[in-house]
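[1] got a sequence here, can you model it:
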Amino acid sequence: MSGRLLGVARVFRSTQYRCFSTVRQGIKYTPTFKQYLQMPNNEVGSYFHDVPLEFSREGATINMVVEIPRWTNAKFEISKNLRLNPIVQDSKNGKLRYVNNIFPFNGYIHNYGAIPQTWEDPTELDTVLGLNGDNDPLDCCEIGSTVLGTGTIYKVKVLGSLALIDDTELDWKVIVIRCDDPLAKEISSLSGVEKCMPGLLEHTREWFRKYKIPQGKPANTFAYNGEYRNVEETLNVIEKCHASWRKLISDQIHEDSAGLPQIMRTGSSIILEDENFLPATIPKKVQRWFYV
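    Predicted coordinates for the structure are as follows:
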């Protein structure tokens, strides 16, 4: 993984996080693609472990790592299996994964990403819901007015959450808005979302319910009968998953370690070249409409 730094790395546009940048290797939309977090000292860090959570209960704010821009189809995600957890395109059975277009939506309905320094623990049963975590960072959906880029980091305001059940595992979807979005001052709760963005929460739930159907899978189900959870409950979930992450990186998880995330962090003196290849062509079939 070592090598000299080449050229100028892509710098995040968020005013608070210009100290971070990103280095790309391989060709986008191919299995070779990896996008790494670059720390202020030019070392490679981990999107999962080295981006601070910066949890504020008073302000209901956290940090978000953007994985998938709104209105795109490629399923990019922070890899929990690779060292230093780069963003890669997910694959299954050797094929790269794309989300299908479900009419009237094109690709992902929101800017989709992860909450750093959180972990849904698959070794611990949720005492209320009777479900184990999905072994990933918490997912979040940013509902603001701007399409955000893969690998960018933003301070966001927590608005609520939806408890999706994915293959018998608990997979929370936290609803957030970028703190510097024009609507952020007007929206601090789910009721604010309904007022300023009528229909958005209903369509979001339906998108999550149906998005796997074109792949031949059944509709997703939800805990709490599909009802959204409020800000306070969601902050409790984030706090709990942050505590689980602390156990993970402290090697306090004593179950069978196979499949648990890589916990390598910055400090390993790894520096990578930014290869800056042109992206590959996305298959035309990805643009097909599905009516479900």
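[2] alpha carbons only for contacts and neighbour counts from here, please
    Will do.
[3] ok, which stretches of the stretch 101-250 of the chain are strands?
    Using DSSP state E, counting those that start in this stretch, the strands of the stretch 101-250 of the chain run over 101-102, 111-115, 132-133, 138-142, 153-166, 169-178, 221-222.
[4] and the average pLDDT for the second one is what?
    Spelled out, that is strand 111-115. Strand 111-115 comes out with an average pLDDT of 98.
[5] which helices and strands does it pack with?
    For strand 111-115, the contact count by 3 or more C-alpha pairs under 8 Å, 6 or more residues apart in numbering; DSSP states H and E identifies strand 61-68, strand 138-142 as packing neighbours.
[6] now swap in the last one and tell me
    Contact partners of strand 221-222 among helices and strands, from 3+ C-alpha pairs under 8 Å, 6+ apart: strand 153-166.
[7] now do the strand it packs on: which elements does it pack against?
    Identification of packing neighbours for strand 153-166 by 3+ C-alpha pairs under 8 Å, 6+ apart yields strand 61-68, strand 169-178, strand 221-222, helix 231-249.
[8] for Val66, find the nearest of the strands of the stretch 101-250 of the chain.
    Shortest distance between Val66 and the strands of the stretch 101-250 of the chain, using C-alpha to C-alpha, is found for strand 111-115: 4.3 Å.
[9] the closest one pairs with which strands, parallel or anti?
    Strands that pair with strand 111-115, judged by DSSP bridges, come out as strand 61-68 (antiparallel), strand 138-142 (antiparallel).
[10] what angle do the first one and helix 231-249 make?
    Which is strand 61-68. For strand 61-68 against helix 231-249, the angle by axes from the mean of the first three to the mean of the last three C-alpha atoms, to 10 degrees is 70 degrees.
[11] contact partners of strand 61-68?
    Identification of contacts with strand 61-68 by C-alpha atoms under 8 Å, 6 or more residues apart in numbering yields 47, 52-56, 74-78, 87, 108, 111-116, 140, 148-158.
[12] how far does the first helix or strand past it going along the chain sit from its chain's centre?
    As assigned by DSSP states H and E, the chain's next helix or strand after strand 61-68 is strand 76-78. Centre-to-centre, strand 76-78 and its host chain are 7 Å apart (C-alpha atoms, centre = their mean, to the nearest Å).
[13] what lies in contact with whichever helix or strand comes after strand 76-78?
    Per DSSP H and E, the first helix or strand lying C-terminal to strand 76-78 is strand 87-89. Contact with strand 87-89 is made by 29-31, 33-36, 47, 67, 74-79, 96-97, 151, as judged by C-alpha under 8 Å, 6+ apart.
[14] same thing with stretch 229-243?
    Residues external to stretch 229-243 that are found in contact with it (C-alpha under 8 Å, 6+ apart): 57, 60, 117-121, 138, 158-162, 174, 189-190.
[15] which one of those is nearest Asn41?
    Gln117 (20.5 Å).
[16] my guess is that closest one contacts His49, does it?
    Yes - between Gln117 and His49 there is a contact under C-alpha atoms under 8 Å: 5.3 Å.
[17] higher neighbour count, these two?
    Set side by side, Gln117 and His49 show more neighbours around Gln117, with 26 against 22, by other C-alpha atoms under 10 Å.
[18] any weak-confidence spans in the protein?
    Low-confidence segments of the chain (pLDDT under 70): 1-18, 252-258.
[19] hmm, which of the contacts of strand 61-68 are the buried ones?
    For those, a burial check counting by 16 or more other C-alpha atoms under 10 Å picks out 47, 53, 55, 74-78, 87, 108, 111-116, 140, 148-158.
[20] picking that back up, can you select the buried ones among the contacts of stretch 229-243 for me in ChimeraX?
    Per 16+ other C-alpha under 10 Å, the buried members of the contacts of stretch 229-243 correspond to this ChimeraX selection:
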select :60,117,118,119,120,121,138,158,159,160,161,162,174,189,190
